[in-house]
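Peer 1: Have a look; sequence and predicted model below, questions after that.
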Amino acid sequence: MTSQPEAHRAVDEVVDIVSQLIRFDTSNTGEPETTKGEEECAKWVAQQLEEVGYTTQYVESGQPGRGNVFARLAGPPDSDRGALLVHAHLDVVPAEPADWSVHPFSGSVSDGYIWGRGAIDMKDMAGMALALARQLKREGTVPPREIVFAFLADEEAGGKWGSHWLVENRPDLFDGITEAVGEVGGYSLTVDRPDGSQRRLYLVETAEKGLAWMRLTADATAGHGSFLHSDNAVTDVAEAVARIGRHTFPLVMTESVGEFLAAVSEETGLDLRPDAPDLDTTLFKLGSLARIIGATLRDTANPTMLKAGYKANVIPQKAEAVIDCRVLPGRQAAFEKEIDELIGPNVTREWITHLDSYETTFDGDLVDAMNNAILEFDPEGKTVPYMMSGGTDAKAFARLGIRCFGFAPLQLPPELDFAALFHGVDERVPVDAVLFGTNVFEHFLLHS
């Protein structure tokens, strides 16, 4: 019996690497004492890099077990170009096995998909980056510029004990880096054209809304539940929450969203102008991604948590709520003014987490490299900029003056509800999409 030849190309091992990454339960609960698996996974990544000759740096970001791994692949010795950061987080949101058709940490490969928590958020890109880092080192490749590979902790809880800690406490790890690519960009959106044909648009993330988690608090006089009470903390908070939850913020057209809608309008013939009479309804003709794109036209403030009381017949002294706020670039002051009008005089607010929005332009050599890489493997494809309604570790790196993009290329089946898979049950990524993405990303790294 002969042994199988060792895999040397990234596409030969990337599916197995993604599957193995998913098998590490790196659930991030947001509470340090119950978050697990990051150290074990990070050290496995470091081992895979060291196996092919990298010198790695393993760094814990402020707390035991919050593992991060860095490795550098040198560019030309006489180059004066800044380095490129390729970053991926290793933590995932929790998953309840009973809700899934496969175990969320099985990394099962079946029916043309890699299944499990993190399959698209974002162990697919982590696997592509790791597989390509290994290939480039094995082959002795000297890329056009230095590449820094970073595998990070705590992104799913805002990066306090991950990217933000590293930026504040270990900025030396990012020396020489001028540009970065990370998650939630480069994936395809298939649109219908007026002539009956279809076009794949590849969405490159150039902007992110600000992430701000807000706590509302009302204080009142405690008392017996059978008495008359003119002030009630629960009532005050509940009314504020209801007003916020039902409020529609004004439509604001940012540069990134405007360019995206213009590109989609050109391809589809849909009227997606900012002053279109029924823009929100028209957006839903784009399918599942309408939820993401629609959220980039306005600020959002969604109530997510309530806390009050300890007994049915006691009026509590305090009531609290948490609101998940996502704010468009340039809108923070106006957003806060609207919120203050909504919450009323008896409720106070404070930020639990506050991370700024980010936006860059869709131009330059790096954007050209992304576009050329996509066209190499999908000649009829087209790259377009878009804004992400959520947030990534790019928020931290932008504080160092690094220009950030989302580019984790995937060619997706038109019928796949990609948006629903983020943090969803039965999260999975098509095997073919990962293989396509690995080839595209290789071309990008060799021409960036």
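Peer 2: Noted; the coordinates are in hand.

Peer 1: all contacts plus neighbour counts: C-alpha atoms, from now on.
Peer 2: Fine.

Peer 1: Y202 touches F260, doesn't it?
Peer 2: No. Using CA atoms under 8 Å, Y202 is not in contact with F260; the gap is 10.5 Å.

Peer 1: Could you name every residue contacting both of the two?
Peer 2: Here Y202 and F260 share the contacting residues V384, scored by CA atoms under 8 Å, 6 or more residues apart in numbering.

Peer 1: between these two, who's got more neighbours?
Peer 2: More neighbours surround Y202 than the other of Y202 and F260, with 26 against 20 (other CA atoms under 10 Å).

Peer 1: partner residues bridging that one?
Peer 2: As for beta bridges, Y202 partners with S188, T383 under DSSP bridges.

Peer 1: Can you report how many residues neighbour G185?
Peer 2: 23.

Peer 1: err, E183, not the other one
Peer 2: By the measure other CA under 10 Å, the count of residues near E183 is 28.

Peer 1: can you check the one 3 residues further on too?
Peer 2: Taking other CA under 10 Å as the criterion, the count of residues near G186 is 28.

Peer 1: mind listing what it touches?
Peer 2: Contact analysis of G186 by CA under 8 Å, 6+ apart lists Y202, L203, V204, E205, T383, G406, F407, A408, P409, L410.

Peer 1: ok, of the residues you listed, which one's closest to C41?
Peer 2: For these, the residue nearest C41 by CA to CA is A408; the value is 20.3 Å.

Peer 1: what about the closest one, distance to F422?
Peer 2: 14 Å (CA to CA, to the nearest Å).

Peer 1: Have a look at these two and say which one is more surrounded.
Peer 2: Remark: of A408 and F422, A408 carries more neighbours, 29 against 18, as counted by other CA under 10 Å.

Peer 1: V237: what secondary structure?
Peer 2: Using DSSP: H, G, I helix; E, B strand; the rest coil, the structure places V237 in helix.

Peer 1: what sits against it?
Peer 2: Applying CA under 8 Å, 6+ apart, we find V237 in contact with L216, T217, A218, A319, E320, A321, V347.

Peer 1: Could you tell me which of those residues belong to strands?
Peer 2: The members of the contacts of V237 that map onto strands under DSSP state E are L216, T217, A218, A319, E320, A321, V347.

Peer 1: Pull the contacting residues for the fifth one.
Peer 2: Spelled out, it's E320. Listed by CA under 8 Å, 6+ apart, the contact set of E320 reads R215, L216, T217, A218, V234, V237, L306, K307, A308.

Peer 1: what bridges to the closest residue to the third one other than its chain neighbours?
Peer 2: Yep, that's T217 we're talking about. Spatial nearest neighbour of T217, excluding adjacent residues (CA to CA, 6 or more residues apart in numbering): E320 at 4.6 Å. Note on E320: beta-bridge partners T217, K307, judged by DSSP bridges.

Peer 1: Against H247, how distant is E320?
Peer 2: Distance of E320 to H247, given as CA to CA: 19 Å.

Peer 1: can you check G223 too?
Peer 2: Computed as CA to CA, the G223 to H247 distance reads 32 Å.

Peer 1: quick check, nearest of the ones in strands among the contacts of V237 to P329?
Peer 2: Of all the ones in strands among the contacts of V237, L216 has the smallest distance to P329: 23.2 Å, by CA to CA.

Peer 1: Now do the contacts for that closest one.
Peer 2: L216 makes contacts with V237, E320, A321, V322, I323, V347, T348, R349, E350, as judged by CA under 8 Å, 6+ apart.

Peer 1: Which residue would you name as the spatial centre of the protein?
Peer 2: Among the residues of the chain, the one closest to the centroid is T392, at 4.4 Å (CA atoms, centre = their mean).

Peer 1: Name the SS class of that one, please.
Peer 2: coil.

Peer 1: right, and it touches E155 too?
Peer 2: Yes. If you go by CA under 8 Å, T392 and E155 touch, sitting 6.8 Å apart.

Peer 1: What's the separation between the nearest residue to V109 once chain neighbours are set aside and V204?
Peer 2: Distance criterion CA to CA, 6+ apart; nearest residue to V109, sequence neighbours excluded, is W115 at 6.3 Å. According to CA to CA, W115 and V204 sit 24 Å apart.

Peer 1: how about CSV for the contacts of V237, with pLDDT and distance to W44 added?
Peer 2: Shown next, in CSV, are those (pLDDT from 0 to 100; distance: CA to CA, whole Å):
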residue, pLDDT, distance to W44
L216, 97, 42
T217, 97, 44
A218, 94, 47
A319, 94, 45
E320, 97, 41
A321, 97, 40
V347, 96, 48
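
Peer 1: Take those and lay them out in TSV including distance to R9.
Peer 2: Below are those laid out as TSV (distance: CA to CA, whole Å):
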residue	distance to R9
L216	53
T217	56
A218	59
A319	57
E320	54
A321	51
V347	59
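
Peer 1: Out of the residues you listed, which comes closest to R66?
Peer 2: Looking across the contacts of V237 and measuring by CA to CA, the closest to R66 is A321, at 28.8 Å.
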